[in-house]
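1. here are the coordinates; sequence isn't available:
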């Protein structure tokens, strides 16, 4: 804005100060600052401090150097990061495509009981992760669970294994439980996006002979791409912050042999300690900071690189 | 109206503290990880103390065992911990004492009721200062279903060969799962597995002290052998033991679906309450008939005084009571399986608990190898042993790899005194 736009010789219009804006912003601002921003800043600060002879002193980046150079800490960190990536990839490959498919099916106008399906698929999202964790632990239990019995009915008993207890299958199983719980969210968002597509566009497509699958790929999918982007970034943030489901299903050790250990559980064990291992707040804060930076990098990548290139359509 | 309100406020601020002083009430909170024992503390132990000490109110505040150490540490640092702190044995409580969080208890009434061995778990390395009143030890062994043994006409095994022959027989019969144990929670594999059968191989205290002195290593044959035995357990555990949790194993056994349960004596009370069959117990089988047997008789639980507590006098009264023979009898009988460390002989009613204690006559006791001195550093040896023991039973690691990993972890921080 240049000076010429606002010539000073014109008498400024005197407007009363709009107090109500401040008043309405204050509650959200104060609450958000107190419970989100201040703890975040405090965590970032704590990662630069450590206990030396019982005194908290500023140590610069020493904690980060320890995290990446100590053979054990760095091994658990990379293990957790790797597992977290797999956790995220499974969500992207299963949760989001399934969510889109479900939404596409629900938006077919000929489908009966659409409301029922929509509700049924969305309900797990509303359940507490504790309930979800325990339900699935019980279902999959080789001793009391109903999974072995049900697989027996269809002659698949041989395929049953104690999935949660084997290091090669535990992470996939936990990821799929999480997918089951949260598939309702991409479904709802995509469903809303699909409903937003004006009928004229679809009718025009039909006039041009584009129907069925090719209509989905050529018309609907490009129109819901922005929603898919949002879902991807929500999944990314959610997965790299995940902790609760792993903790309820596999415990804080995230066994067997650390195979389901993700950044959240590693942070928990480091910060709060576990059994005979004492909590180390500075190192915990360091891991939390690294998690924050990873998420920040992912979100920035999305905002500045991907979202800018995405084409949007206005109707 | 305002005047009345002001008057009321004034009255409450002025007279409330006075009221508290007049009643001379002291309330004590016990921090503990024994949430299984909550009802016994509330119904038996605390009423017995309060009846004798009017004016002192005691609250038992347990939390989840795995969270206890770090939670109680955080509370102690923040100054919000209760007056009485339940003490884990050895290094963990020692660290609290060294930080000045636990008060020395050398001059407490009744501390003389305990032998040096009993106090060793809560005494400084130089043996001079004791900082927790010893409460109980736990013994490891195997609990078995007597009914199942009678049905199958099998005997209690004495040697390892007999033990595996027995497991084979139970497995061949098929009615019972030979052994109820899972590896999902990891700690059972070490606590009920490695620490249970291991002392026979590393010769109890001898091996444990040699490990601390640095003359033996975890990669020595005596320390690898128990892993080899554990690896042989795999076929005798129930289907899907990899996903079997600790409560799963307890239920499998008390429902009568498993014949043998690798146990710690703390299981006695809950098992008695749930199982409707007779139970017996046998110590870890020895290699050859006639070998000296060793048992893990682990000083497990003590109670100490928060150095910054609010009611030190009342808390000391409570601790003196815990040190008394009266408490020992009451505790050992309310919680059979937690064996009193008091020098005064305690008469126990429970036959299963008597069975466990009787091993002390023939077998040499030792404590868990990861508890004292070698359990002080990072990575924590106890947690490492949980992990590798579970791996060995799952078959994802060989006994040699397991031993090597734990030794490598220990080497990274522990330098034995030369």
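-> Yes, it's here. Note that the structure is a prediction, hence the values are computed from the model and not measured.
2. going forward, measure contacts between C-alpha atoms and count neighbours the same way
-> Will do.
3. which strands or helices does the host helix or strand of residue B:357 pack on?
-> In the assignment (DSSP states H and E), residue B:357 maps to helix B:351-362. Applying 3 or more CA pairs under 8 Å, 6 or more residues apart in numbering or on different chains; DSSP states H and E, one finds that helix B:351-362 makes contact with strand B:132-145, strand B:279-282.
4. could you work out the end-to-end span of stretch B:144-156 for me?
-> 9 Å (CA to CA, to the nearest Å).
5. show me the contact partners of it.
-> B:166, B:170, B:173, B:176, B:253, B:256, B:258-261, B:277-282 (CA atoms under 8 Å, 6 or more residues apart in numbering or on different chains).
6. in that stretch, what's buried?
-> If you call a residue buried by 16 or more other CA atoms under 10 Å in any protein chain shown, then stretch B:144-156 has these buried ones: B:144, B:145, B:146, B:148, B:149, B:156.
7. and the residues you listed, which two are the farthest apart?
-> Within the buried residues of stretch B:144-156, B:148 and B:156 form the most distant pair, 11.6 Å apart (CA to CA).
8. what is the end-to-end distance of stretch B:108-119?
-> When the termini of stretch B:108-119 are compared using CA to CA, they are 13 Å apart.
9. give me the average confidence score over that stretch.
-> In this model, stretch B:108-119 has an average pLDDT of 86.
10. sorry, back to before: redo the buried residues of stretch B:144-156 as CSV? Include pLDDT.
-> What follows is the buried residues of stretch B:144-156, written out as CSV (pLDDT from 0 to 100):
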residue, pLDDT
B:144, 96
B:145, 95
B:146, 95
B:148, 94
B:149, 95
B:156, 94
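11. which phi and psi does residue A:259 have?
-> The phi and psi torsions at residue A:259 (degrees, to the nearest 10) take the values phi -80, psi -20.
12. for it, give me its contacts.
-> By CA under 8 Å, 6+ apart, the residues touching residue A:259 are A:83, A:167, A:168, A:170, A:171.
13. counting only helices, which of these make the cut?
-> Secondary structure assignment by DSSP state H places A:83, A:170, A:171 of the contacts of residue A:259 in helices.
14. near chain A at all, stretch B:178-193?
-> Yes: legend: contact between stretch B:178-193 and chain A by CA under 8 Å from any CA of the partner chain is shown at B:183, B:184, B:185, B:186.
15. tell me the residues of the stretch 1-150 of chain A that contact chain B?
-> So far as CA under 8 Å from any CA goes, the stretch 1-150 of chain A lies against chain B at A:141, A:142, A:143.
16. now, of those, which are buried?
-> Buried residues within those, counting neighbours by 16+ other CA under 10 Å: A:141, A:142, A:143.
17. around chain A, pick out the residues from the stretch 251-400 of chain B.
-> Proximity of the stretch 251-400 of chain B to chain A, by CA under 8 Å from any CA, involves residues B:378, B:379, B:380, B:382, B:383, B:387, B:388, B:390, B:391.
18. isn't the last one up against residue A:258?
-> No: contact criterion CA atoms under 8 Å: residue B:391 and residue A:258 do not qualify, at 10.7 Å.
19. re earlier: top of the ones in helices among the contacts of residue A:259 by neighbour count?
-> Using other CA atoms under 10 Å in any protein chain shown as the neighbour definition, the ones in helices among the contacts of residue A:259 reach their maximum at residue A:171, which records 29 neighbours.
20. now the helix or strand containing residue B:49: buried residues?
-> Counting by DSSP H and E, the secondary-structure element that holds residue B:49 is helix B:46-52. Residues B:46, B:49 are the ones in helix B:46-52 that count as buried (16+ other CA under 10 Å).
21. residues contacting the residue of the stretch 201-315 of chain A found nearest chain B?
-> Proximity to chain B, evaluated over the stretch 201-315 of chain A using CA to the nearest CA, is greatest for residue A:275 at 4.4 Å. Residue A:275 makes contact with B:65, B:66, B:67, B:68, B:69, B:70, B:383, according to CA under 8 Å, 6+ apart.
22. and for residue A:194?
-> With contacts taken as CA under 8 Å, 6+ apart, residue A:194 has the following neighbours: A:103, A:104, A:107, A:220, A:224.
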